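Trainee: With the sequence up front, the predicted model follows.
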Amino acid sequence: MAKRELGKAFEPAAAEKRLYEYWLKNNYFHAQDESEAPAFSIVIPPPNVTGMLHMGHALNNTLQDIIIRFKRMQGYNTLWMPGMDHAGIATQNVVEQQLIKEGTSRHELGREKFIARVWEWKEKYGGVIINQLKRLGCSCDWERQRFTMDKGLSNAVREVFVRLYNEGMIYQGDYIVNWCPRCHTAISDLEVEFKQDQSFLWNIRYPFADGQGEIVVATTRPETMLGDTAVAVHPNDERYKDKIGKYVILPLMNKKIPIIADDYVTMDFGSGAVKITPASDPNDFAMAQRHNLEIIAVIDGNGFINENGGVYKGQDRYEARKNVVDDLEKGGYLVGTEPYAHNVGQCYRCKTDIEPMVSKQWFVKIKPLAKQAIAAVVKDKTKIIPKTWEATYFEWMNNIRDWCISRQLWWGHRIPVWYCENCKKVIVATVDPDKCPDCGGTSLKQDEDVLDTWFSSALWPFSTLGWPKETKALKTFYPTSLLITGFDILFFWVARMMMMGLYVMKDVPFKHVYLHALVRDEKGEKMSKSKGNSIDPLLMIDQYGTDAFRFTLAAYTAQGRDVRLSPERIEGYKFFVNKIWNASKLTFTNLEDFDESATLNVADSLPDIWIKARLNRAIEEITLSLDEYRFNDAAAAVYRFIWHELCDWYLELSKPVFYGKGAPEKRQAAQKTLYVVFQTMLQLLHPFMPFLTEELWQVLRGSDKDSIMVSKFPVIKEEWINEAAEKEMEMIMEIITSVRNIRGEMRIAPSQKLNVLISAADEQTSKIIEHGENYILNLANLESMKVEINIIEPKGVATAVIGSTKIFVPLAGIVDISGEKARLEKELAKISKDLEQSSRKLANRDFRAKAAPEIIQKEEDKLKDFQKKFATLENALKKLKGLSA
RNA sequence: GGGCGGGUAGCUCAGCCGGGAGAGCGCCACGCUUACACCGUGGAUGUCACAGGUUCGAACCCUGUCCCGCCUACCA
């Protein structure tokens, strides 16, 4: 085998670039539309076209790439479908800001030109995140990349809209919606964020129209009283029973409004009477519909009082609040003001207070869709992982309200509805009509609104595969196998994909949904730009390399737990990368003269057999963990195998053989083992650390061979299973560790060679230990080792015990024996505690009567062990005291 | 108001279908042994939030309490 040179350290930046290009060039990321191999597919949660890679993306896409690479190596025809979302409000905002800087506006430009500008912006600046995903190592099938505003996806949107409309699932009407006075659009219930606000509760007196007394109402929004059209009380409220149907005078507006009765009113809140403003409150709106109340809007789309607000017209809603309160007070209508904490809805995008407003909007009738989506999860057609999220999913789906899908924006899928200006006919069509089907008129006007961005995202799992065309890709990859996303968009996106997938495709969009947690800072706070605590993933990649970064994310991704990240943690895994790099250097040096094809007649050594048995266990654990999306467990298993088994033990045990201190055939056997184990280790690690493993794989096997990413993921090899060897090795390792312990505790210089006497309980153990003599001599740094059966403890030794095996280290002439006393006493204290606990347990009659027999047996074995150890140590201590006395 | 998750070593967290408290980092001691000081070897460290209960036995199961997150909700 050729000589291989590795530099002093892995250089991520250069290697990452080179290897990613190599993968692309060889088309490894590409999935086949048709294949013999079983399909495995994931659609990416499409990032916003305006987006920059943040930690959430980094985590989300790292996890996807780990699974995709794992499955690809397992031989699946693997598709990772990438793409982006047009992000209506966000993108429109970005371009509008640009226009403002240029001293113009979208209104000056006009709709068509504005949209052209957005496209221009998209081509020029949009989608930087795609290149950032590449730096993360994502193995997406880039040839298939989609954008929600693409022609194909836009067709899908229209097709679904028309279908829903024709089946009576979409309707238009004047309803109260969440209106953002800054974005000038309606938003869905989900897009409203509630924030607690320290405000006041104003108590206002409404006099009866007949002059007989008054009724007091409380409100957090006094300015809305301008639009009050009733006062409501509970029908069973004795205080007001006789007042129902009477009228009060609305202060400031000097208007008669009725007192009505409705169950919605809580009797014991405030005075038990509530003012009703149907145009400014969703509950009041609902009540107005029940009671046929007048609906008077007093606040306009900008958040200003309109012409219905009398003298307050033209005032901003907060200014009007102040003035209304002042005037109420002046007029003697204000009964009192009390501090009050309540929730205020804000626009998720711009944090402006939402103004509930009545306007004409499009809605999707959602209950029938939700019903199917619930059933699919109940029947396990789609599995939500971790399962705890199912409850949340059901809770939301069961209480879902109709989805407002129209947005008063320009950037987005324009609603495919046209109005004939001649005969008022409403035309709903997938292709732009040129004349009215009824009257033939050609003066058609398209609905001004666009659809909620999530409407198109909801179709993502099938629209990206070519639907409504019946493509091969759709047939092969739908339903997709898995969706990986953050729990924060369970409702926004996952739930809606479930509903649309079932409605359109008659099948679930994915079989598994893995919901991961949020990335937080080391204090557990959500990362955000405004808090200034966000960590830039690209900076981390620059500093520590993609592999270390990815591994950190995986290692901290425990189900149902947030990922707390800090640069120090990533640095820790950079050390791991370095460790692997150096182990590779050692490996490659020792494999220089290795001939892969040579046949060997020499048997494997114990470490050879052992490391393969351990490798088997690592394969099993990693595979199982990844199958169950336990990323942290999988990462820990790789880490432990590489560092604590391969590096700490196998490489150390094998050094003498490699350095030629034995027969050449033994060296060849070790080389063969190392060659196999090292390759397998790289394969296991590949999903986590794609770059490092590819680099090493190619150096090890020669770069003319295939990439590691298309090699076969390791499976357990029957012939490697060897429990006996694991036990034997464990014995030897324990002996080495106990001598090291004595050395450390007794402060014996590492350079000081020791002689050791070992007392084995039986012939078999004695053989095992003798078998491992060379390993023990080397790793415990001994001059000599002697094993006998049941020898009497010599004088002047330090003693260690492993079960029935005793290890004696003569200290005469090496170190003052008095230190051993303290060491033994410490050990004795520890063991006597265990001993006491165990014997107490066994002395308990109930324990003997009720515990499982194998547990009792185990406990008895334990006790015997403790007793032996205790006796040995005690004996040693006695001897020591006798000696020094 | 309802729901979910969490409170285990100085820090971040595993362990939780009940039977000898773990990892990583940090800390202490020793060591430049021909892959690695981004390292090696050894060591110290915990009334497993609190209070009850079930059990032969509880970090793990049950009940309650206290904190900390998050989600959800129309009490004006």
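Mentor: Cool, got the structure.
Trainee: Quick check on the residue lying closest to A:Asp762 once chain neighbours are set aside: phi, psi?
Mentor: Distances taken as C-beta to C-beta, 6 or more residues apart in numbering place A:Ile789 nearest to A:Asp762, at 6.8 Å, with adjacent residues excluded. Just so you know, the C-beta spots here come from the backbone N, C-alpha and C atoms, and that holds for glycine as well. Dihedral pair for A:Ile789: phi -100, psi 120, per degrees, to the nearest 10.
Trainee: Touching, A:Ile789 and A:Gln764? I think so.
Mentor: No. Using C-beta atoms under 8 Å, A:Ile789 is not in contact with A:Gln764, being 10.2 Å away.
Trainee: quick revisit: burial check on the residue nearest to A:Asp762, number of neighbours?
Mentor: By the criterion of other C-beta atoms under 10 Å, A:Ile789 has 12 neighbours.
Trainee: Contacts only, for it.
Mentor: Neighbouring residues of A:Ile789 by C-beta atoms under 8 Å, 6 or more residues apart in numbering: A:Ser759, A:Ala760, A:Ala761, A:Asp762, A:Glu763, A:Ser766.
Trainee: Please report the distance of it from A:Ser759.
Mentor: In this view, A:Ile789 and A:Ser759 are 7 Å apart by C-beta to C-beta, to the nearest Å.
Trainee: Locate the closest residue to RNA strand B within the stretch 751-885 of chain A within the secondary structure: which element?
Mentor: Closest approach of the stretch 751-885 of chain A to RNA strand B (C-beta to the nearest atom of the strand) occurs at A:Asp846, with a separation of 2.9 Å. Using DSSP states H and E, A:Asp846 sits in helix A:845-850.
Trainee: same deal with A:Pro607?
Mentor: Here A:Pro607, judged by DSSP H and E, is contained in helix A:606-627.
Trainee: helices and strands around that helix, which ones?
Mentor: Contacts defined by 3 or more C-beta pairs under 8 Å, 6 or more residues apart in numbering; DSSP states H and E place helix A:606-627 against helix A:55-73, helix A:631-639, helix A:652-658, helix A:664-685, helix A:723-745.
Trainee: counting contacts, what elements does the helix or strand following the first one pack onto?
Mentor: Tracing the chain C-terminally past helix A:55-73 and defining elements by DSSP H and E, one meets strand A:77-81 next. Packing contacts for strand A:77-81, counted by 3+ C-beta pairs under 8 Å, 6+ apart, involve strand A:39-43, helix A:55-73, helix A:472-477.
Trainee: mind listing the strands for the stretch 51-200 of chain A?
Mentor: Assigned by DSSP state E, counting those that start in this stretch, the strands in the stretch 51-200 of chain A fall at A:77-81, A:83-84, A:146-147, A:170-180, A:185-187, A:192-207.
Trainee: ok, and of the contacts of A:Ile789, which contact RNA strand B?
Mentor: Applying C-beta under 7 Å from any atom of the strand, the subset of the contacts of A:Ile789 adjacent to RNA strand B is empty.
Trainee: so which pair among those is furthest apart in space?
Mentor: Spatially, the most separated pair among these is A:Ser759 and A:Glu763, at 12.9 Å (C-beta to C-beta).
Trainee: Now do the same for A:Thr557: its pLDDT.
Mentor: If you check A:Thr557, the pLDDT there is 84.
Trainee: how near is it to RNA strand B?
Mentor: 9 Å (C-beta to the nearest atom of the strand, to the nearest Å).
Trainee: State the number of residues packed around that residue.
Mentor: Neighbourhood size, A:Thr557 [other C-beta under 10 Å]: 25.
Trainee: need the contact list for the residue of the stretch 351-500 of chain A found nearest RNA strand B.
Mentor: Closest residue of the stretch 351-500 of chain A to RNA strand B, C-beta to the nearest atom of the strand: A:Thr388 (4.7 Å). For A:Thr388, the contacting residues are A:Gly560, by C-beta under 8 Å, 6+ apart.
Trainee: quick revisit: and RNA strand B, which of the strands of the stretch 51-200 of chain A is closest to it?
Mentor: RNA strand B lies closest to strand A:192-207 among the strands of the stretch 51-200 of chain A, at 5.8 Å (C-beta to the nearest atom of the strand).
Trainee: next helix or strand past the closest one?
Mentor: Where DSSP H and E defines the elements, the next helix or strand beyond strand A:192-207 is strand A:214-219.
Trainee: Would you give the sheet partners of that following strand, along with the direction of each?
Mentor: Strand A:214-219 has the following strand partners under DSSP bridges: strand A:192-207 (antiparallel).
Trainee: is RNA strand B contacted by the partner strand?
Mentor: Yes. Contact of strand A:192-207 with RNA strand B (C-beta under 7 Å from any atom of the strand) involves A:Phe194, A:Leu201.
Trainee: got the buried residues for that strand?
Mentor: Across strand A:192-207, burial judged by 16 or more other C-beta atoms under 10 Å covers A:Val192, A:Phe200, A:Leu201, A:Trp202, A:Asn203, A:Ile204, A:Arg205, A:Tyr206, A:Pro207.
Trainee: which residues are in contact with it?
Mentor: Contact partners of strand A:192-207, identified using C-beta under 8 Å, 6+ apart, comprise A:178, A:213-220, A:222, A:225, A:231, A:248-251, A:270-271, A:275, A:325, A:328, A:332-348, A:351, A:354.
Trainee: out of these, which touch RNA strand B?
Mentor: Residues of those in contact with RNA strand B (C-beta under 7 Å from any atom of the strand): A:Val217, A:Ala218, A:Thr219, A:Thr220, A:Gly270, A:Lys275, A:His342, A:Asn343.
Trainee: coming back round to it: filter the contacts of strand A:192-207 to the buried ones?
Mentor: Buried among the contacts of strand A:192-207 by 16+ other C-beta under 10 Å: A:178, A:215-220, A:222, A:225, A:231, A:248-251, A:271, A:275, A:325, A:328, A:333-334, A:345-348, A:354.
Trainee: Narrow those residues to those in helices?
Mentor: Using DSSP state H, the subset of the buried ones among the contacts of strand A:192-207 located in helices is A:Val325, A:Leu328.
Trainee: does the spatially most central residue of chain A have beta-bridge partners, and which?
Mentor: A centroid search over chain A (C-alpha atoms, centre = their mean) returns A:His516, at 2.4 Å, as the residue closest to the centre. Beta-bridge partners recorded for A:His516 (DSSP bridges): A:Gly486.
Trainee: who's in contact with it?
Mentor: A:Leu59, A:Asn60, A:Leu63, A:Ile484, A:Thr485, A:Gly486, A:Phe487, A:Thr557, A:Val563.
Trainee: what about 10 Å?
Mentor: Counting by C-beta atoms under 10 Å, 6 or more residues apart in numbering, A:His516 touches A:56, A:59-60, A:62-64, A:385-386, A:484-487, A:553, A:557-563, A:629, A:631.
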